[in-house]
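K.L.:
coords please:
(chains A, B, C and D)
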There are 2 protein chains.
Amino acid sequence: MPTIKDVARAANLSVTTASRALNNHGDVASSTRALVVQVASDLGYHPNHAARSLQGTFTATIGLVIPRLVHRYVDSFWLEFIGGASAACADAGFDLLLSSGDDLSAEHAHYQRLIRTRRVDGVILCDIRVRDPRLTFLRARAASFVTFGRALGDDQYSWVDVDGATGLRLAVQHLLALGHRRIAFLGTARDYSFSHFRFEGYQDALLAAGIPCDNHLVVQDLVVGADLHAPLAHMLALPEPPTAIIACADFLAASALSTVRRLGKCVPDDLSLVAFDDTLITQHAEPPLTTLRQDNQAIGSAVAGLLIRQLREPDRAPEHILLQPDLIVRRSSSHVAMP
Amino acid sequence: MPTIKDVARAANLSVTTASRALNNHGDVASSTRALVVQVASDLGYHPNHAARSLQGTFTATIGLVIPRLVHRYVDSFWLEFIGGASAACADAGFDLLLSSGDDLSAEHAHYQRLIRTRRVDGVILCDIRVRDPRLTFLRARAASFVTFGRALGDDQYSWVDVDGATGLRLAVQHLLALGHRRIAFLGTARDYSFSHFRFEGYQDALLAAGIPCDNHLVVQDLVVGADLHAPLAHMLALPEPPTAIIACADFLAASALSTVRRLGKCVPDDLSLVAFDDTLITQHAEPPLTTLRQDNQAIGSAVAGLLIRQLREPDRAPEHILLQPDLIVRRSSSHVAMP
DNA sequence: TTGTAGGCGTTATCAG
DNA sequence: CTGATAACGCCTACAA
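P.N.:
Just a heads-up that it's a prediction; the model follows:
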C-alpha cells in the first residue's frame, strides 16, 4: 500500500510538496501538481484515514446507535432512517458508524466510547427520552450531536422532530368531523418525549372542541407486545364507551385492531381506529388504517445533514426542524354509528 | 481530552510503562498497574482510536454498503441483516461502518475507498452477482471479506448463503404433493447469483418428478415494480395454463397476487402461489402466502462473525455456511382444482 | 521492572 | 514555490 512518501520519492519531491499538491494548496506550481497527481494515480496512492484523523482532529465519521432487537413492525422506520442518513453522509463525504445497544444504558455506553475515543466527529441521537442521560453527557463533553426528537423545554441543541402534537390534533379533528365525541388514546412509554407531545396534542384538540378529557379513555405506557385485552375490554364496558381509538404507534394500532376484533367489535363500523406512523403494518392491515405519515428517509437525511453542517461550522447556532405529519385517511375511520 | 501522556505524568511514570500497564503486559509491577489504571480512570482517559489504528494497522471496523434506496417491501431483510451484523460486531468489540450506493458501481467505489484508505479491516458483501467486480478487486488487494451469497464456481473465500436450490425444491415438492403439475416460475435478475440457484432448484425438482420444464411457464429478470400483467395473462391463456406459481422474491409474489386477481383468478382456488423470503408483505397478504423463510438476523450475525474470526486468524481457511430455508405453509397454496 | 527513542502516515509551520 | 522539521497519540524494540 503506497504512502505519500512513495509518491514524493517517485516524483523526486519532498513529502511536504506532495501533500500540498494532493490537497490543492495554492502555493504549488501547476506543473508540479500535475506531476504529483499523475504519480499518485500511477502508484494507486490513497491517503491513510487513520493518519489523517490523527493529525487533523477530524474523522469524517458520524455515529448512530440503533436498538439491538428491532421489532419487525417498526423496522421500516429504522431502515428508512438509516438509508436517509447514510445517503446524506455519502453526499458530504462522511461515513456512518453504526452500533447497536440492548437498552438506553448500553446505547449510552456506545456513545460515550465513540466520543471518548474520538472515533466519530459527532453523533445522532434517536428516541429521545424526557430526561435523557445521553444529552447531559454529550453536552458536558462539548460533543457535537443532533437528535431526532427533542427533550422537553431544552432548545440548546439542534434537533429534527415530527410535530406529534399537531399530528394528534389532526387525528382528533378528523374523528370529530366524523361525529365522534368519545375518543380513546393508547400511548407508549411516557419517558419517550414524542409520547408526551402526542398526548398533549390529543388533550389540546379535545379541549378546543369543548370536550373534557376522560381518563377512563386513556391508557399509556404500553410497550411492544403488551396485552390490550383488559384495558380495551374495560373501556368498551363503560356506560359511555369510546366510538374511536387513536393508537399513537403502529404496533399499538395493530394490536388494538386484533383485540377489538376479538372483543366482537368491527372496525370501522363499531369503532374507528387511527394509527401513527405509516409503516407496512398499517397499509396492509384489514381494513387499511387511517394514520399519520412521516417521511423517515427525509428525517434521517435531515438529521445527518444538520450534524454535518454543524461540524463544518462549529459556531453555527442550533437549528430546529419541525416536520409536519400527513393524515392519510383509509378505511379504518368512518362516521360514528347511529345509536 | 486526556492522552496517555497525561496519565503517565499524573502517575509519575513514563508513557511506556503507562501503555504497558493499560494493555495488560506481563512485565509491569502489579502496584504500578493498579496506580496507572486508577489514574487513567480518574482522568477519564480513553485511547485515541486513530492513533491506535495508525500504529497498529488494525481499525476494529468492518464495512458494509447498502443500496441507497431500499424498497419498503424488501427492507426488513436489510434491517434485520444490519441488526444481526452490528450485534455480532458489538459483541466482538468491532464497529460497523455503513455506506450507501446507488448501484453496483457506486457500491464498488465505496468498497474501494474503504479498503484503500484503510478505513476498515474488512468488508461484508451482499447481493453477489454471478460475475462480481467487487470480488476481483478485493482479491487483488488481498483484502478480507465475507459475502452473503456466493458467485458461481468460486469457493476461495468465506461466504454465508441460504440454500436457494433446496428452498425451491421444497416449494416444488410441496406443490407436487398438492397435485400440481403445471408450475410457473417468476425470477429476478439473473445476474444475482441467488437467482441462479433458485432457478436451478426449480428445474431439478421438476426433473426429478419426471416433469419437463416448460419455458412458457418461466419468466425471469423481473425487477421491483415490473408489470406482470402481460406475462401472466399470456401464461394463463396457454392451452395448459399453470395451476401454481412460485415467485422467487417477495415483491414478485405481492405483485403476482394483485395481477392474478386483476386477471379474474382467485388464490388459492384457481391458482396456488408460493413466495420466497418471509417479509411482512407475505405475512399480511390476503391470503397469507406460503413462503420460504430465512433468518436474516442470523445471517447478518453469521457473516460478521465469520469476517471477524478471519481477521483475527488470517491463516484460517475459507469457511462456508449454507443455511436451510424453512417452508412456511400458509393459505395461498392448496390442492389443484379438479378440472 | 522501568525508561528512551523511534516510527506509524499525514499535514502545518516556518524557513529558505 | 519548495523543503526540512515537528506534531498528532500510541505502541514496541531496545537499553538500562
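K.L.:
how about the nearest residue to A:L43, chain neighbours excluded?
P.N.:
A:P2 (4.4 Å; CB to CB, 6 or more residues apart in numbering or on different chains). To be clear about C-beta, it is placed using only N, CA and C from the backbone, and glycine gets the same treatment.
K.L.:
How much space separates the one you found from A:H216?
P.N.:
Using CB to CB, to the nearest Å, A:P2 is found at 73 Å from A:H216.
K.L.:
Quick check: phi and psi at the residue nearest to A:L43.
P.N.:
According to degrees, to the nearest 10, the main-chain angles of A:P2 amount to phi -70, psi 140.
K.L.:
who touches it in this structure?
P.N.:
Neighbouring residues of A:P2 by CB atoms under 8 Å, 6 or more residues apart in numbering or on different chains: A:43-45.
K.L.:
can you narrow those to ones near DNA strand C?
P.N.:
Filtering those for proximity to DNA strand C by CB under 7 Å from any atom of the strand leaves A:Y45.
K.L.:
Check chain A and tell me which residue is nearest its centre.
P.N.:
The C-alpha lying nearest the average C-alpha coordinate of chain A belongs to A:F148 (CA atoms, centre = their mean; 4.5 Å).
K.L.:
Would you list the phi and psi of the residue nearest to that one when sequence neighbours are not counted?
P.N.:
Residue nearest to A:F148 in three dimensions, not counting chain neighbours: A:C126, with 4.7 Å by CB to CB, 6+ apart. Torsion angles at A:C126 (phi, psi; degrees, to the nearest 10) stand at phi -120, psi 170.
K.L.:
Test my guess that A:C126 contacts A:V146.
P.N.:
No. Applying CB atoms under 8 Å, one finds A:C126 not in contact with A:V146, separated by 10.2 Å.
K.L.:
More neighbours: which of these two?
P.N.:
Neighbours per residue, other CB atoms under 10 Å in any protein chain shown: of A:C126 and A:V146, the larger number sits with A:V146, 26 against 19.
K.L.:
So in that sheet, which strands flank the helix or strand that contains the more buried one, and in what orientation?
P.N.:
According to DSSP states H and E, A:V146 maps onto strand A:144-148. Paired strands of strand A:144-148, with direction, are strand A:122-125 (parallel), strand A:158-162 (parallel) (DSSP bridges).
K.L.:
just checking, which of those sits deepest inside the structure?
P.N.:
Of all these, strand A:122-125 carries the top mean neighbour count, a mean of 24, counting by mean count of other CB atoms under 10 Å in any protein chain shown.
K.L.:
ok, back up a step: buried ones from the contacts of A:P2, can you make that a ChimeraX selection?
P.N.:
Here is the ChimeraX selection string for the buried members of these, based on 16 or more other CB atoms under 10 Å in any protein chain shown:
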select /A:43,45
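K.L.:
Which ones among the contacts of A:P2 lie within helices?
P.N.:
Per DSSP state H, helices hold the following members of these: A:L43.
K.L.:
quick one: the lowest-mean-pLDDT helix or strand in chain A to chain centroid distance?
P.N.:
Ranked by mean pLDDT, DSSP states H and E, the helix or strand of chain A with the weakest confidence is helix A:280-284, at a mean of 78. Computed by CA atoms, centre = their mean, to the nearest Å, the chain-centroid distance of helix A:280-284 equals 19 Å.
K.L.:
so what does that helix touch, helix or strand wise?
P.N.:
If you count contacts as 3 or more CB pairs under 8 Å, 6 or more residues apart in numbering or on different chains; DSSP states H and E, helix A:280-284 packs onto helix A:250-262, helix B:280-284.
K.L.:
Put the alpha carbons of it into CSV.
P.N.:
C-alpha atoms of helix A:280-284 as CSV (Å, rounded to 0.1, in the frame of the first residue of the first chain):
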residue,chain,number,x,y,z
LEU,A,280,-46.3,-1.5,6.2
ILE,A,281,-48.4,-2.8,9.0
THR,A,282,-51.0,0.0,8.6
GLN,A,283,-51.0,-0.2,4.9
HIS,A,284,-51.7,-4.0,4.8
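K.L.:
ranges for the strands of chain A?
P.N.:
Ranges of strands in chain A, per DSSP state E, are A:61-67, A:95-101, A:122-125, A:144-148, A:158-162, A:183-188, A:218-222, A:244-247, A:272-276, A:290-293, A:320-323, A:326-328.
K.L.:
Quick check: pLDDT value at the closest residue to A:K5 other than its chain neighbours.
P.N.:
Distances taken as CB to CB, 6+ apart put A:V15 closest to A:K5, at 5.8 Å, once the chain neighbours are dropped. Note for A:V15: predicted pLDDT of 92.
K.L.:
surely A:V15 meets A:D6?
P.N.:
No. Between A:V15 and A:D6 no contact is recorded; they are 9.9 Å apart, counting by CB under 8 Å.
K.L.:
rewinding a little: which outside residues touch the strand holding A:V146?
P.N.:
Under the contact criterion CB under 8 Å, 6+ apart, strand A:144-148 has outside partners A:81, A:121-128, A:135, A:138, A:157-161, A:299-300, A:303-304, A:306-307, A:310-311, A:314.
K.L.:
Could you do stretch A:124-141 as well?
P.N.:
Against stretch A:124-141 from outside (CB under 8 Å, 6+ apart): A:62-64, A:66-67, A:81, A:85, A:104-105, A:107-108, A:111-112, A:115-116, A:123, A:145-152, A:154, A:156-157, A:159, A:190-194, A:196, A:303-304, A:307.
K.L.:
which residues pair with A:G122 across the strands?
P.N.:
A:G122 has these beta-bridge partners by DSSP bridges: A:I62, A:S144.
K.L.:
what about it, distance to A:I62?
P.N.:
From A:G122 to A:I62 the distance is 5 Å (CB to CB).
K.L.:
Leaving out sequence neighbours, find the closest residue to the residue in the stretch 201-339 of chain A that chain B sits nearest to.
P.N.:
Nearest residue of the stretch 201-339 of chain A to chain B, counting by CB to the nearest CB: A:H284, 3.9 Å away. With sequence-adjacent residues excluded and distances taken as CB to CB, 6+ apart, A:H284 is closest to B:H284, at 3.9 Å.
K.L.:
Measure how buried that neighbour is and give me the count.
P.N.:
By other CB under 10 Å, neighbour count at B:H284 equals 17.
K.L.:
again with A:P287
P.N.:
Other residues close to A:P287 by other CB under 10 Å number 15.
K.L.:
Now do the contacts for the closest residue to A:F77 other than its chain neighbours.
P.N.:
Of all residues not flanking A:F77 in the chain, A:N296 sits nearest, at 5.2 Å (CB to CB, 6+ apart). Applying CB under 8 Å, 6+ apart, we find A:N296 in contact with A:76-77, A:80-81, A:84.
K.L.:
Check the residue nearest to A:L175 when sequence neighbours are not counted and give its pLDDT.
P.N.:
Nearest in space to A:L175, with sequence neighbours left out and distances taken as CB to CB, 6+ apart, is A:A244 at 4.7 Å. At A:A244, the pLDDT value in this model is 97.
K.L.:
what's the burial count for A:A244?
P.N.:
Counted with other CB under 10 Å, A:A244 comes out at 28.
K.L.:
Tell me the residues that contact both of A:G122 and A:I62, please.
P.N.:
In contact with both A:G122 and A:I62: A:307, A:311, using CB under 8 Å, 6+ apart.
K.L.:
Pull up the per-residue confidence for A:P339.
P.N.:
Value for A:P339, per-residue pLDDT: 60.
K.L.:
cool, A:D269 as well?
P.N.:
Reading off the model, A:D269 has pLDDT 95.
K.L.:
How about the contacts made by it?
P.N.:
If you count contacts by CB under 8 Å, 6+ apart, then A:D269 has A:334, A:337 around it.
K.L.:
Around DNA strand C, pick out the residues from chain A.
P.N.:
Contact residues (CB under 7 Å from any atom of the strand) of chain A with DNA strand C: A:1, A:3-5, A:15-16, A:19, A:22-23, A:25, A:45-48, A:51-52, A:54-56.
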